[in-house]
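1. Turn this into a structure:
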Amino acid sequence: MALSGSSPTNPGSSAERTVLVTAALGTMLAPLNSTMIVVALPDILDRFDRSLAWGSWIVLSYLVAMASVQPLGGSLGDRYGRRRLFLIGLTGFFVATVVAALAWRIEVLILARTVQAITGAIVIPNGTALVRAHISPSRQGRAFGTIGAWIAVAAGLGPPIGGLVTDSLGWRWIFAANVLLIGPALALGLRLPAEGLRQAGRFDLRGALGLMISLVSLALALTIWKVTTIAVAAAFAIIGIGAGWWLLRHVRQTEQPVLNVRLFRRPGYAPATLAVMLSNLAMYTLLLSLPVFLTSDVGWSSSRVGFLLAGMSLQMVIFSPFGGTLSDRVGRRTPALIGTILLVAGVAPFVAISIGWHWYMLLLPSS
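-> Below is the predicted model:
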């Protein structure tokens, strides 16, 4: 059965599977590139003779751009067609991947990673929208569960792929893994029908820009002081706080704001958001610092570090479905509380990390 531009396909049809596989391949790019790069960071920093602060920018530029551009990417898809924006995002991601692989300065690599995140932030919401548009509502839960599982697999495969490729071919070749996802996603995406253009409500462009300026400035303020002066870091902090203050005033006066602060009035929303933010902060801090420590101070190879981090990610693949099932049965609060306690218990031992730790002493708390 041929896909229609606006109605769901027949359950179980080949067209439905095409949409699902296309969206899954596109959304797998983000977690793969988030975890794959951390194993190669020591080699990248050594190649360009830069400090760990530059490594944090390689990671932060990706995460900040991904978070701040997704609202804009989704809105553009509503206005100009989800398939069109999905394909544009994939093409842009491919171009940025080539530039990252050929980067001759670390600044070029950071810029290419930022463009990867921006184009990836266009792919993700429009891939999700394609699933909602073309797959029957009765099957969407299963479809998104399948996509979630493949995202976890991509996050888990990132570290060993990064480690093995870095040791055998060099860090530049890790970006070749993206082609294995982008190529099929583009081929399948071109088979989807073009949608009729429709004008959505007015997009909050000023709010999106304010959010981006605030996040980027605050990220720079927290890291740039290591390679420049405190005064420069303070200036970025002032810009970030000022943009955030303006954004809060702006969203209260906007009918459809890019950031809906009214959601924080709902019971449990603020604690849940804070828990997610802090858990991601703890995870990415560990993912950034542990490879550098093990490679530089302990003498591990990139491959060995990659398999250690894969052991950490494997737990997410195994226990994420269990946590979702548990929350359906007993509610959201208890699993969230248990997860937060386990996270604290896992991160706390790394405060006393030393070069004498055996591999299992690293794997057990991080898992």
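2. Hmm, residue 51 is touching residue 44, no?
-> No - here residue 51 does not reach residue 44: they are 11.9 Å apart, not a contact under Cβ atoms under 8 Å. For every residue, glycine as well, the C-beta is placed using N, CA and C.
3. who's more crowded, these two?
-> Between residue 51 and residue 44, counting by other Cβ atoms under 10 Å, residue 44 is the more crowded of the two (20 against 10).
4. can you pull the contacts of the more buried one?
-> 55, 58, 106, 109, 171 (Cβ atoms under 8 Å, 6 or more residues apart in numbering).
5. ChimeraX command for the buried members of those residues?
-> To isolate the buried members of these in ChimeraX, using 16 or more other Cβ atoms under 10 Å:
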select :55,58,106,109,171
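6. Under the pLDDT cut-off, which ranges of the stretch 151-300 of the chain? List them.
-> For the stretch 151-300 of the chain, the stretches with pLDDT under 70 are 195-202, 223, 225-227, 276, 280, 284, 287-288.
7. go with 90
-> Low-confidence segments of the stretch 151-300 of the chain (pLDDT under 90): 151-168, 189-237, 240, 243-244, 247-300.
8. Quick check: the nearest residue to residue 304 once chain neighbours are set aside vs residue 357, distance?
-> Closest residue to residue 304 apart from its sequence neighbours, by Cβ to Cβ, 6 or more residues apart in numbering: residue 163 at 7.0 Å. When distance is defined by Cβ to Cβ, to the nearest Å, residue 163 is 19 Å away from residue 357.
9. Show me which of those two is the more surrounded one.
-> residue 163 (28 against 14).
10. Remind me which helix or strand the more buried one belongs to.
-> helix 137-168 (DSSP states H and E).
11. Show me what counts as buried in that helix.
-> Buried residues in helix 137-168 (16+ other Cβ under 10 Å): 139, 143-144, 147-148, 150-167.
12. Report the secondary structure state of residue 194.
-> Secondary structure, DSSP: H, G, I helix; E, B strand; the rest coil: residue 194 is coil.
13. show me where the stretch 251-367 of the chain has helices.
-> For the stretch 251-367 of the chain, applying DSSP state H, counting those that start in this stretch gives helices covering 269-293, 302-330, 333-347, 359-366.
14. If you count contacts, what does the last one end up packed against?
-> Same thing as helix 359-366. With contacts taken as 3 or more Cβ pairs under 8 Å, 6 or more residues apart in numbering; DSSP states H and E, helix 359-366 sits against helix 269-293, helix 302-330, helix 333-347.
15. Contacts made by it with the rest, please.
-> Contacts for helix 359-366 (Cβ under 8 Å, 6+ apart): 286, 290, 294, 308, 311-312, 345-350, 353.
16. I'd like the next helix or strand past the helix or strand where residue 90 lies.
-> If you go by DSSP H and E, residue 90 is part of helix 82-101. Later in the chain than helix 82-101, the nearest helix or strand by DSSP H and E is helix 106-134.
17. relative to helix 82-101, how tilted is that following helix?
-> Interaxial angle of helix 106-134 relative to helix 82-101 (axes from the mean of the first three to the mean of the last three Cα atoms, to 10 degrees): 160 degrees.
18. helices or strands next to helix 106-134 in the packing?
-> Applying 3+ Cβ pairs under 8 Å, 6+ apart, one finds that helix 106-134 contacts helix 14-48, helix 52-80, helix 82-101, helix 137-168.
19. Let me have those in CSV, extended by distance to residue 124.
-> Shown next, in CSV, are the helices and strands packed on helix 106-134 (distance: least, Cβ to Cβ, whole Å):
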stretch, distance to residue 124
helix 14-48, 5
helix 52-80, 6
helix 82-101, 8
helix 137-168, 10
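20. Of all those, which one comes closest to residue 234?
-> Among the helices and strands packed on helix 106-134, helix 52-80 comes nearest to residue 234, with 16.2 Å by Cβ to Cβ.
21. That closest one versus helix 269-293: what angle between them?
-> Using the same axes, to 10 degrees: helix 52-80 against helix 269-293 is 130 degrees.
22. buried set for helix 52-80?
-> Within helix 52-80, judged by 16+ other Cβ under 10 Å, the buried ones are 52, 54-66, 68-78, 80.
23. same check, this time on stretch 117-135
-> Across stretch 117-135, burial judged by 16+ other Cβ under 10 Å covers 117-131, 133-135.
24. now do stretch 35-52
-> Here stretch 35-52 shows 35-45, 48, 50, 52 as buried, counting by 16+ other Cβ under 10 Å.
25. CA atoms only for it, dumped as CSV, please.
-> Below are the C-alpha coordinates for stretch 35-52, written out as CSV (Å, rounded to 0.1, in the frame of the first residue of the first chain):
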residue,chain,number,x,y,z
THR,A,35,28.9,8.3,23.1
MET,A,36,31.2,7.5,20.3
ILE,A,37,33.3,10.7,20.6
VAL,A,38,34.1,10.4,24.3
VAL,A,39,36.4,7.4,23.8
ALA,A,40,38.3,9.2,21.1
LEU,A,41,38.7,12.5,23.1
PRO,A,42,42.2,11.6,24.6
ASP,A,43,43.5,11.0,21.0
ILE,A,44,41.8,14.1,19.7
LEU,A,45,43.2,16.3,22.5
ASP,A,46,46.7,14.8,22.0
ARG,A,47,46.5,15.4,18.2
PHE,A,48,45.7,19.1,18.6
ASP,A,49,47.7,19.5,21.8
ARG,A,50,44.8,21.0,23.8
SER,A,51,43.5,20.7,27.3
LEU,A,52,40.5,18.9,28.7
